[in-house]
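**Student:** For reference, the sequence and a predicted model appear below.
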Amino acid sequence: MLDELGLRLSRSYFDKILKNRFYLGYFLWQGVEYKGTHEPLIPSDLFNRVQDVFAGRNKPKHRKHAFTFAGLLKCAHDGCTVTAELQKNKYVYYRCSHGRGKCSLPYMREQEVSDRMGELLRDIYVPETVAHTIVDSLQSDSAHAEAERQKRVAAIEQRLAALRARMDQMYEDKLDGKVDEEFWTRKTNDWREQERKLEADLSSLRVQVPAENALTVKRIFELANKAHFLYLTRNSTDRGQLLKSVLLNCATDGVSFAPTYRKPFDLIFERAKNEDWSGREDLNLRPPGPEL
């Protein structure tokens with residue numbers, strides 16, 4: 001690889017750069033790692049992901065064919081993943097991955113699977129007032145989770161401060177001759193490892209991930225009341241995405257399909273199954289015609 005000056009840089013050079021913890025705010029002195037006064041150039045979670053790639057983990061998986069229901073189905077016989085395969089470069093079949101040996105799950109044509117998966121979305125209804133109640137509950141859960149996250153951040157910051165104070169005191173004791181070099185080096189390396197783990201935990205906690213259930217009332221109402229209609233009007237790729245927004249997975253024995261729903265749709269589907277909500281309107285939905 002050539003740089004801007006036309007010099008050839010070896011792969012080992014980049015390997016050394018990408019593994020250098022200096023960019024995390026550390027430096028080495030006489031075989032001991034110290035926390036530097038310079039600002040880290042990259043976050044610790046990014047550095048760790050790069051190291052995972054070096055170690056051969058998290059390798060991207062490339063698909064030659066985008067299967068509509070990939071990742072959605074599991075075998076009801078043995079719990080294995082139901083995988084898809086393309087035959088004659090034209091027909092898609094789903095079958096057990098046989099992760100636990102031979103299995104009696106039959107091959108299933110994609111069109112049959114599509115029809116059965118679509119049926120899971122039929123006759124689902126939730127009044128808008130109930131949708132509001134569910135969203136309010138989810139927002140309350142989200143607020144509680146955020147409070148817990150902040151509490152954990154404060155606890156780790158407190159542990160880090162105490163650990164660093166201990167390291168500073170140990171360094172002073174070393175300078176005063178109260179501890180020998182061997183003991184100081186061993187304890188410092190141990191404490192540095194603890195510091196790295198706490199910093200990694202803190203870095204991941206400081207990344208505020210939007211709550212999985214942060215759905216608007218409008219979106220919940222639409223999916224709960226029009227999911228089957230939307231499914232019928234979509235192409236195969238969109239059908240898969242629609243199902244993945246509602247389902248975690250679906251177990252099948254080749255005849256029956258037993259879904260596990262995402263929140264809050266697990267609550268909606270359970271209520272729809274066990275309770276006759278009044279005021280249901282006949283949507284009389286049909287696939288839209290061509291625009292004029």
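**Tutor:** It's in. Computed from a predicted structure; not experimentally measured. Residues are numbered from 1 along each chain as shown.
**Student:** I'd like to know how many residues surround Leu24.
**Tutor:** The number of residues packed near Leu24 is 19, by other CB atoms under 10 Å. Backbone N, C-alpha and C define where each C-beta goes, glycine included.
**Student:** tell me the SS of the residue lying closest to Phe67 once chain neighbours are set aside?
**Tutor:** In space, and not counting its chain neighbours, Phe67 is closest to Ala84: 3.8 Å by CB to CB, 6 or more residues apart in numbering. Classification of Ala84 by DSSP: H, G, I helix; E, B strand; the rest coil places it in strand.
**Student:** residue contacts, Ala84?
**Tutor:** Contacts for Ala84 (CB atoms under 8 Å, 6 or more residues apart in numbering) come out as 65, 67, 69-70, 92-95, 110.
**Student:** Serialize the residues you listed to CSV and add fields for neighbour count and secondary structure.
**Tutor:** Below are the contacts of Ala84 laid out as CSV (neighbours: other CB atoms under 10 Å; DSSP: H, G, I helix; E, B strand; the rest coil):
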residue, neighbour count, secondary structure
His65, 10, coil
Phe67, 17, coil
Phe69, 22, coil
Ala70, 16, coil
Val92, 19, strand
Tyr93, 16, strand
Tyr94, 25, strand
Arg95, 18, strand
Glu110, 17, helix
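**Student:** the helices in this structure, which residues?
**Tutor:** 11-18, 44-54, 110-119, 128-175, 181-206, 217-232, 236-246, 265-274 (DSSP state H).
**Student:** Can you list the helices and strands that the last one packs against?
**Tutor:** Using 3 or more CB pairs under 8 Å, 6 or more residues apart in numbering; DSSP states H and E as the contact criterion, the secondary-structure elements in contact with helix 265-274 are helix 128-175, helix 217-232, strand 257-261.
**Student:** tell me the mean pLDDT for that helix?
**Tutor:** Average pLDDT, helix 265-274: 74.
**Student:** between it and strand 257-261, how big is the angle?
**Tutor:** Per axes from the mean of the first three to the mean of the last three CA atoms, to 10 degrees, the angle that helix 265-274 makes with strand 257-261 is 130 degrees.
**Student:** repeat for the longest one
**Tutor:** With the same axes, to 10 degrees as the criterion, the two stretches helix 128-175 and strand 257-261 enclose an angle of 60 degrees.
**Student:** helices or strands next to helix 128-175 in the packing?
**Tutor:** helix 181-206, helix 217-232, helix 265-274.
**Student:** Out of the ones you listed, which gets nearest to Gln150?
**Tutor:** helix 181-206 (8.8 Å; CB to CB).
**Student:** From the chain's centre, how far out is that closest one? Work that out for me.
**Tutor:** 27 Å (CA atoms, centre = their mean, to the nearest Å).
**Student:** Dump the helices and strands packed on helix 128-175 into CSV; add mean neighbour count and distance to Asp253 as well.
**Tutor:** Formatted as CSV, these follow (neighbours: other CB atoms under 10 Å; distance: least, CB to CB, whole Å):
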stretch, mean neighbour count, distance to Asp253
helix 181-206, 15, 39
helix 217-232, 18, 22
helix 265-274, 16, 20
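**Student:** can you list those helices in TSV and add distance to Gln139?
**Tutor:** Formatted as TSV, those follow (distance: least, CB to CB, whole Å):
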stretch	distance to Gln139
helix 181-206	21
helix 217-232	11
helix 265-274	14
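**Student:** Looking at the contacts of Ala84, which is nearest Ile156?
**Tutor:** Closest to Ile156, out of all of the contacts of Ala84 and judged by CB to CB, is Ala70, at 37.6 Å.
**Student:** Just give the closest residue to Cys75, not the sequence neighbours.
**Tutor:** Cys75's closest residue in space is Cys96 (CB to CB, 6+ apart), at 4.3 Å.
**Student:** weakest of the helices of the chain in terms of mean pLDDT?
**Tutor:** helix 11-18 - the lowest mean pLDDT of the helices of the chain, at a mean of 69.
**Student:** mind putting the helices of the chain in TSV, distance to Pro259 included?
**Tutor:** Listed next are those as TSV, based on distance: least, CB to CB, whole Å:
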stretch	distance to Pro259
helix 11-18	43
helix 44-54	33
helix 110-119	8
helix 128-175	18
helix 181-206	31
helix 217-232	12
helix 236-246	8
helix 265-274	8
